[in-house]
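>>> Starting from these lines, generate the structure:
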Amino acid sequence: MIAAFVCLQGCGYRSTNSHNVLSSYKTITVPYVEGDTEGDVTSQVIQSVCQSGAWKYQTLEAELILKVKIIDTKIEDTGYNRFFNQNAQIKRWMVPNEQRMSILAEVSVIDEATSKVILEPHSISADVNYDFDPEFNETNLVGFSLAQYNFIENAQRIARTPLNERLAENIVDYLLNSW
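Okay, the predicted model is just below:
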């Protein structure tokens with residue numbers, strides 16, 4: 001019995017929680033996420049809601065409206081390396097080569113029929129770490145990195161996908177565990 005439960009949990013199956021404030025609703029819609037300039041967050045939230053199996057996603061006439069607003073996105077340096085330049089005057093210099101990208105969103109849920117706010121606005125965040133090659137490095141490390149090291153703009157663009165996935169998963173986890 002325990003082995004079956006663990007197996008089902010590992011496959012993403014979730015038992016229905018009758019105490020969840022959203023458990024009596026069957027359908028949900030996700031309007032365009034405010035602040036999502038390219039639609040990637042919106043798409044990922046919709047995908048995560050669908051994968052949860054808790055509600056049927058509908059573009060129109062759903063019982064619930066999931067409102068998401070991106071509040072802030074930050075990038076901070078978290079790792080540094082020494083830069084050696086033999087041809088210039090600078091012999092040693094500490095340069096960033098690792099960053100953390102984080103995103104903060106505000107989430108609320110509204111009953112479409114009554115326009116009543118079911119879940120008040122709540123902050124949800126996610127973050128990812130990634131490495132990159134400082135662009136002024138004289139040695140091209142990207143070719144030797146097996147795609148683990150990239151130039152900063154590419155690394156940031158690539159990191160947005162797992163960041164959006166984590167945010168969407170955190171939003172759905174919040175919805176599934178709201179009392």
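>>> Need the residues that contact the longest helix along the chain.
For the chain, the helix with the greatest residue count under DSSP state H is helix 152-176. Helix 152-176 is contacted from outside by 14, 17, 20, 22, 40-41, 44-45, 47-49, 51-52, 54, 66, 68, 75, 99, 101-103, 105, 107, 109, 119, 122, 124-128, 130-135, 150, using C-beta atoms under 8 Å, 6 or more residues apart in numbering. Bear in mind the C-beta positions are built from the backbone N, C-alpha and C, glycine included.
>>> now with 7 Å?
For helix 152-176, the external contacting residues (C-beta atoms under 7 Å, 6 or more residues apart in numbering) are 14, 20, 22, 40-41, 44-45, 47-49, 52, 54, 68, 75, 101, 103, 105, 107, 109, 122, 124, 126, 128, 130-132, 135, 150.
>>> What's the PyMOL syntax to select whichever of those residues are buried?
In PyMOL syntax, the buried subset of these is picked out as below (16 or more other C-beta atoms under 10 Å):
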select buried, resi 22+40+41+44+45+47+48+49+52+54+68+101+103+105+107+109+124+126+128+130+131+132+150
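>>> Keep only those of the contacts of helix 152-176 that are in strands.
Counted as lying in strands by DSSP state E, out of the contacts of helix 152-176, are 68, 75, 101, 103, 105, 107, 109, 122, 124, 126, 128, 130-131.
>>> Among those residues, list the two that are farthest apart in space.
Val109 and Asp131 (37.0 Å; C-beta to C-beta).
>>> what ranges of this structure fall below the confidence cut-off?
For the chain, residues meeting the criterion pLDDT under 70 lie at 1-19, 82-93, 135-150.
>>> and the gap between Ala159 and Ala126?
For Ala159, the distance to Ala126 equals 11 Å [C-beta to C-beta, to the nearest Å].
>>> Hmm, I typed the wrong one, I wanted Leu176.
From Leu176 to Ala126 the distance is 16 Å (C-beta to C-beta).
>>> Take the ones in strands among the contacts of helix 152-176 and write them to a markdown table, including distance to Glu169.
Shown next, in a markdown table, are the ones in strands among the contacts of helix 152-176 (distance: C-beta to C-beta, whole Å):
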| residue | distance to Glu169 |
| --- | --- |
| Val68 | 13 |
| Ile75 | 21 |
| Met101 | 16 |
| Ile103 | 12 |
| Ala105 | 12 |
| Val107 | 13 |
| Val109 | 17 |
| His122 | 15 |
| Ile124 | 10 |
| Ala126 | 8 |
| Val128 | 12 |
| Tyr130 | 18 |
| Asp131 | 23 |
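>>> and Ala62, what is it in contact with?
If you count contacts by C-beta under 7 Å, 6+ apart, Ala62 has them with 27-29, 112.
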